[in-house]
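Colleague: the sequence isn't on hand, but the structure is:
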């Protein structure tokens with residue numbers, strides 16, 4: 001059973017940076033996909049970023065491209081989301097997720113991810 005625990009959320013001002021972490025346990029080689037999603041109040045959960053454990057493949061939502069970066073530390077079994085130039089519209093609960101797939105064609109759909117963390121709140125004030 002894959003378990004995911006996010007941390008690093010908080011209250012920041014517009015233009016600030018924040019790094020989220022997702023500690024992963026119980027992962028097997030099948031769970032190659034790692035993703036970050038977010039959900040704002042009253043809105044659906046939306047894709048933010050995807051990365052592969054096995055190579056450098058990534059993909060990003062257009063709204064965060066150039067500002068957010070997904071990375072991983074294989075030795076620590078941890079995935080990161082570096083968020084720069086934060087905007088008030090980035091305010092949401094951020095979730096990390098693990099999926100048993102590889103590639104960009106499935107990376108944006110939450111139903112393709114098998115395991116989810118509990119979420120961490122990010123609030124960006126203007």
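Modeller: Yep, it's here. In this text the structure is predicted, and so the values were computed from the model without any measurement.
Colleague: okay, the residue lying closest to residue 97 once chain neighbours are set aside and residue 42: tell me how far apart.
Modeller: The spatially closest residue to residue 97, leaving aside those adjacent along the chain, is residue 113, at 3.7 Å (Cβ to Cβ, 6 or more residues apart in numbering). The way it works is simple: take the backbone N, C-alpha and C, and place the C-beta from them, glycine included. Here residue 113 is placed at a distance of 22 Å from residue 42 (Cβ to Cβ, to the nearest Å).
Colleague: neighbour count: these two, which is higher?
Modeller: When neighbours are counted by other Cβ atoms under 10 Å, residue 113 and residue 42 differ, and residue 113 comes out ahead with 24 against 5.
Colleague: so where does the residue lying closest to residue 100 once chain neighbours are set aside fall, helix or strand?
Modeller: Spatial nearest neighbour of residue 100, excluding adjacent residues (Cβ to Cβ, 6+ apart): residue 30 at 4.6 Å. Using DSSP states H and E, residue 30 sits in no helix or strand.
Colleague: wait, residue 30 sits on residue 99?
Modeller: No - taking contacts as Cβ atoms under 8 Å, residue 30 lies outside contact range of residue 99: 9.4 Å.
Colleague: and those two? which has more neighbours close in?
Modeller: In this view residue 30 and residue 99 are compared by other Cβ under 10 Å, and residue 99 has more residues nearby, 22 against 13.
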